[in-house]
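Chemist: quick one: sequence and predicted model below, then my questions.
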Amino acid sequence: MKNRKPNENGIGDGIAIGGPKPMTMKKKKNMNRLGGTGLSLQAFANAKSTTNHYNPALIKKKREFYKNAKYVNKYKKSIKRQSQGNDPLSATRTLEIENEDMDSSRSNKKNKKRKNSSQGLRELYEKQREEKEKARMEREAIIQAKKEQKEKAEAQRKAGRKEMFKKTRHGQPVMKYRIQHLLQSIQSSSGDTVNKI
């Protein structure tokens, strides 16, 4: 039989029958599947070390810096405006000093009014305090009544429960107490419906 695979000397037909594909063909298919050649180790290391220019912390710092600069500029402008406007104000200040003597007599009258108003405020405070105290006492009385009612109902429930759990000597429940309980509940419900109508 002929040797169909080419050997080192190049002897043979050059026709491969069956057998595995050459290594170069597999490599080409893998390269196409993976999207081209992979990065070398050096290229990978360099790619990782370069910055992508997106750093939220730096962006936040820059934004804050510009914001502060804006506030500083506004502050400087307002100071400048005030210093320009101060010249006419100095003239009005001298007028205010002259009018101070007249204002002192007026201030005495205002002080008297303040004393009267402070007394009025004190009276108003006392009235509000008394009203709050009354409301608090009423709430406490209502809470106390509810508490007593709850305790009374709890005591009745305990007594009724004791009777409901009584048993005969054969272990059967005593029906007398259960029937009384049913009768009372029916009477109370019928009494409620009569009162509602």
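Modeler: All right, it came through fine.

Chemist: what about this structure, any weak spots by pLDDT?
Modeler: Scanning the chain for pLDDT under 70 picks out 1-23, 35-36, 48-52, 86-115, 194-197.

Chemist: could you pull out the helices for it?
Modeler: For the chain, the helices defined by DSSP state H cover 23-34, 41-49, 56-164, 175-196.

Chemist: dump the ones you listed to a markdown table, plus mean neighbour count.
Modeler: The way it works is simple: take the backbone N, C-alpha and C, and place the C-beta from them, glycine included. Output for those, formatted as a markdown table (neighbours: other CB atoms under 10 Å):
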| stretch | mean neighbour count |
| --- | --- |
| helix 23-34 | 10 |
| helix 41-49 | 9 |
| helix 56-164 | 10 |
| helix 175-196 | 10 |
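
Chemist: can you pull the phi/psi pair for His170?
Modeler: Main-chain torsions, His170, degrees, to the nearest 10: phi -90, psi 0.

Chemist: meant to ask about Gly171, not that
Modeler: Per degrees, to the nearest 10, the backbone of Gly171 is at phi 90, psi 0.

Chemist: list the contacts of Gln119.
Modeler: Residues counted as contacts of Gln119 (CB atoms under 8 Å, 6 or more residues apart in numbering): none.

Chemist: separation between it and Glu148?
Modeler: Distance, Gln119 to Glu148, using CB to CB, to the nearest Å: 44 Å.

Chemist: then Gly38?
Modeler: 86 Å.

Chemist: one more: Lys70?
Modeler: 68 Å.

Chemist: try Gly85
Modeler: Distance check for Gly85 against Glu148: by CB to CB, it reads 73 Å.

Chemist: now swap in Leu121 and tell me
Modeler: Leu121 is 41 Å from Glu148, where distance means CB to CB.

Chemist: what of Lys74?
Modeler: 67 Å.

Chemist: isn't Lys166 right up against Met175?
Modeler: No: Lys166 is beyond contact range of Met175, at 10.1 Å (criterion: CB atoms under 8 Å).
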